[in-house]
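In: I'll drop the sequence and a predicted model, then ask my questions.
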Amino acid sequence: VQLQASGGGLVQPGTSLRLSCAVSGDLLDDYAIGWFRQAPGKEREGVSCIMSSDGSTYYVDSVKGRFTISRDSAKNTLYLQMNSLKPEDTAVYYCAIDAPGSDCRYEYGTWGQGTQVTVSS
């Protein structure tokens with residue numbers, strides 16, 4: 001399975017970005033899939049994930065109400081809509097997959113390359 005993340009960039013505080021993660025080699029719906037981020041000098045953290053085919057989701061407290069995770073099964077693509085971005089959201093964002101039911105508060109096993117998100121005025 002290969003994961004290809006895209007959509008990062010340099011944006012001003014308060015604006016929005018949408019990250020995409022294209023999955024190839026297997027069906028996205030067969031996995032728990034999520035977004036992680038690593039800011040400079042900090043440990044990587046799970047931001048949001050869809051843990052199973054029933055659509056159960058997790059969001060880290062700092063992004064609740066601002067970020068929305070979704071998937072398009074027809075396109076085999078995962079998205080992260082990020083609204084009201086803050087400077088503290090600046091990080092490299094990664095998409096990753098693991099076995100169904102896996103909680104993204106813990107590291108996943110298969111990773112895509114990261115995409116840089118920088119929020120700055």
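Out: Sure, I can see it. It should be emphasised that the depicted structure is a prediction, and the values quoted were computed from it without experimental measurement.
In: Could you use CA atoms for every contact and neighbour count after this?
Out: Noted.
In: who's in contact with the nearest residue in space to Asp29 that is not next to it in sequence?
Out: Counting by C-alpha to C-alpha, 6 or more residues apart in numbering, Asp29 lies nearest to Ser53, which is 6.0 Å off, once chain neighbours are set aside. When contacts are counted by C-alpha atoms under 8 Å, 6 or more residues apart in numbering, Ser53 touches 29-32, 100.
In: And for the one residue sitting closest to the centre of the chain, nearest residue in space, chain neighbours not counted?
Out: In the chain, the centroid-proximal residue (C-alpha atoms, centre = their mean) is Trp35; its distance is 2.2 Å. Closest residue to Trp35 apart from its sequence neighbours, by C-alpha to C-alpha, 6+ apart: Cys95 at 4.5 Å.
In: Over to Ser24?
Out: Gln2 (5.2 Å).
In: and if you look at Gly46?
Out: Counting by C-alpha to C-alpha, 6+ apart, the residue nearest Gly46 is Phe36, at 4.3 Å.
In: Number of residues surrounding the one you found?
Out: 23 (other C-alpha atoms under 10 Å).
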